[in-house]
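**Q** just the structure for this:
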Amino acid sequence: MTTRRRFSPIEKAQIVMETLLPKANVAEIRRTHGVRSSQVYERKRAALAGRHRALTGSASPDAALRAENVRLKKLVVESALVINRLQETLGGNSAGRNDGGSS
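**A** Numbers count the residues shown, from 1 in each chain. As a prediction, the model looks like this:
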């Protein structure tokens with residue numbers, strides 16, 4: 001009984017890159033890496049689809065969430081700055097200032 005080999009993302013990318021070379025021979029590539037030709041074609045299709053999504057701007061849900069997280073963090077920082085400025089303008093203590101313990 002043989003065990004299945006797991007390819008790292010770098011190894012998968014290497015296989016795909018080899019298929020994109022001029023005069024690439026899929027039969028030779030699959031023999032070199034010990035994979036089925038269907039795996040080579042599937043990985044190439046998936047890689048090209050991912051590249052298409054990246055170029056057309058349709059990002060993954062994770063990327064959209066990260067972008068939204070960055071946007072919200074900026075809003076929080078901007079809000080904190082506005083609050084501090086208003087407190088200074090109105091004569092109150094802004095966060096981080098110590099009035100010596102008097103109340």
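**Q** low-confidence stretches in this structure?
**A** In the predicted model, the chain carries pLDDT under 70 at residues 1-2, 53-60, 92-103.
**Q** that one: helices as residue ranges?
**A** In the chain, the helices defined using DSSP state H lie at 9-19, 26-33, 37-56, 61-89.
**Q** redo these as TSV? Include mean neighbour count and distance to residue 3.
**A** For glycine as for every other residue, the C-beta is placed from the backbone atoms N, C-alpha and C. Compiled in TSV, those are given as follows (neighbours: other CB atoms under 10 Å; distance: least, CB to CB, whole Å):
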stretch	mean neighbour count	distance to residue 3
helix 9-19	14	16
helix 26-33	14	16
helix 37-56	13	16
helix 61-89	11	31
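**Q** find the centremost residue of this protein, please.
**A** For the chain, the residue sitting closest to the mean C-alpha position, by CA atoms, centre = their mean, is residue 63 at 5.6 Å.
**Q** separation between residue 88 and residue 81?
**A** Relative to residue 81, residue 88 is positioned 11 Å away (CB to CB, to the nearest Å).
**Q** and residue 51, by the same measure?
**A** Going from residue 51 to residue 81 by CB to CB gives 40 Å.
**Q** and if you look at residue 49?
**A** Note on residue 49: its distance to residue 81, by CB to CB, is 42 Å.
**Q** same check, this time on residue 43
**A** Plainly put, residue 43 is 48 Å away from residue 81 if you go by CB to CB.
**Q** list the contacts for residue 76?
**A** Residue 76 makes no contacts at all, as judged by CB atoms under 8 Å, 6 or more residues apart in numbering.
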